[in-house]
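**Student:** Kindly return the folded structure for what I paste below:
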Amino acid sequence: MPDAQIRRLRSPPMGAVILSRTAVIGGGASGIAAALSAAKSGGEVTIYERGPRIGRKILATGNGRCNMTNINASEEHYHGAHPEFVRGAVNRFWVGETLDFFSRIGVLYKVEDGGRVYPYSDQASAVLDSLRRALAMSGVNIICGFDVRSVKKHGGGFIITPYSGSPVKADKVIISSGGKAAPDLGSNGGGYELLKSFGHSITSLRPSLVQLKTRGDTAKRLKGIKVNAKASLGDFCENGEVLFTDYGLSGPAVFSLTSRYCSQKLLTLDIMSEYSFPEVADMLFERRSRLGNIPLEDFFTGMLNKRVGQTILKAVIQSPLSRGAGTLTDAEIRTIASVIKKWGFEIEGTMSWNNAQVTKGGARTDEFDPETMESKLERGLFAAGEVLDIDGDCGGYNLQWAWSSGYIAGKNA
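**Tutor:** Next up is the predicted model:
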């Protein structure tokens, strides 16, 4: 890293209050986007990051590949008390503008299944390195190890006080410090307290894009096995990969459902979603006819994952799987077909904040202007990203919200 950029990363000296025209609290995706946008608009910008380095959560997205956005991003993929709040971003800086921006800073991208967009290099570090280079070229100052204790109105601007070190004076403040998800990567929910100090309301918070814990030992006995299924939770369903774990269920389809999960207690899996119930039943009747001389433990070999098939059989029939497949009754076959099409798992809850990718809930969006991300309660105060009550489905939608809301906040600050 060039020496000039290293100097920007050092903490401010003790002593007199330091002046920053636009202060960005939090150096995640939305904070970086806000800083670049504000700098492009001519502002003197400083990012204040409590951790040792900016962008740590970016490195963890997309299993280390960085799922930058999704070309199918639309209002329908976002949730919160007022999901229509995202329209302001859709109309001002959305997927097309985001991809143009990344192309300009040197990130070549590719589109994969489901519209997911990744860097061509498959390296999240390449995305972050390109962003850090863009910040350096834009003259954005970066102060790490700056844990904000309070933000208070002072004259026509703000005073930002850290837990350790000198306070900072700023004309405008953008709070982009994230939610409570993945605290090991720097999120501690501190932004909510800063906004509450200005009278903002915070909705209930819970983990989202997170694994589900289920009752019983069915999932545990299938630990490590993946199936492509239609997962349903209440009125919502998602098609995709589901992973069985020692605590319950994981995988992209499950993650997306947790963005809608509230109090539903039963998740069902259709592990042959391409076929109707009658078609599955007919397959099983034909299989009994053709393979009646084999033991039941081999009945699904060549049709389903062997262990999955055996688990379903054990749940339906009350006899050893050493008996012949030809002994299956018509009623048993129909019951097996119904389990294949609607395999139920009772939900105990979600895994912890440490496992979550996103926070569901946040600062009430009806207290902010969707066109500018500025607070309606305090002029000059802005918010962006996960700290707001907007969360998206699994597949790049949350990063798109971070880029967009950050860009709009920075431009208007």
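**Student:** all strands of the stretch 1-150 of the chain, in order?
**Tutor:** Counting by DSSP state E, counting those that start in this stretch, the stretch 1-150 of the chain has strands at residues 18-25, 45-49, 69-70, 78-79, 109-111, 116-119, 141-144, 148-154.
**Student:** so what strands line up beside the fifth one?
**Tutor:** Taking DSSP bridges as the criterion, strand 109-111 pairs within the sheet with strand 116-119 (antiparallel).
**Student:** do the third one as well
**Tutor:** For strand 69-70, the paired strands and their directions (DSSP bridges) are strand 116-119 (antiparallel).
**Student:** and what of the last one?
**Tutor:** In the sheet, strand 148-154 lines up against strand 157-162 (antiparallel) (DSSP bridges).
**Student:** Pull out the buried residues from the partner strand.
**Tutor:** 157-160, 162 (16 or more other CB atoms under 10 Å). Yep, even glycine has a C-beta here, placed from its N, CA and C like the rest.
**Student:** Next: stretch 114-131.
**Tutor:** Those buried within stretch 114-131 under the rule 16+ other CB under 10 Å are 114, 116-119, 124, 126-131.
**Student:** what about the strands of the stretch 1-150 of the chain, which gets the closest to residue 348?
**Tutor:** Evaluated over these, closeness to residue 348 peaks at strand 78-79, with 22.1 Å, by CB to CB.
**Student:** where does the stretch 151-300 of the chain have low pLDDT?
**Tutor:** Applying pLDDT under 70 to the stretch 151-300 of the chain flags the ranges 261-263.
**Student:** where exactly do the strands run in it?
**Tutor:** Using DSSP E, counting those that start in this stretch, strands in the stretch 151-300 of the chain cover 157-162, 168-175, 206-208, 212-214, 226-233, 236-244, 248-250, 266-270.
**Student:** who wins for proximity to residue 24 among the ones you listed?
**Tutor:** Counting by CB to CB, residue 24 lies closest to strand 168-175 out of the strands of the stretch 151-300 of the chain; the figure is 4.7 Å.
**Student:** Now residue 200: phi and psi?
**Tutor:** phi -80, psi 150 (degrees, to the nearest 10).
**Student:** now the one 4 residues further on
**Tutor:** Torsion angles at residue 204 (phi, psi; degrees, to the nearest 10) stand at phi -60, psi 150.
**Student:** Once you drop chain neighbours, what's closest to it?
**Tutor:** Closest residue to residue 204 apart from its sequence neighbours, by CB to CB, 6 or more residues apart in numbering: residue 361 at 5.3 Å.
**Student:** Could you pull up the mean pLDDT of stretch 90-109?
**Tutor:** Stretch 90-109 comes out with an average pLDDT of 97.
**Student:** What segments of this protein are helices?
**Tutor:** Remark: helices assigned in the chain by DSSP state H are 3-8, 29-40, 56-60, 87-90, 95-104, 124-137, 190-196, 218-221, 252-258, 277-290, 306-316, 330-341, 397-412.
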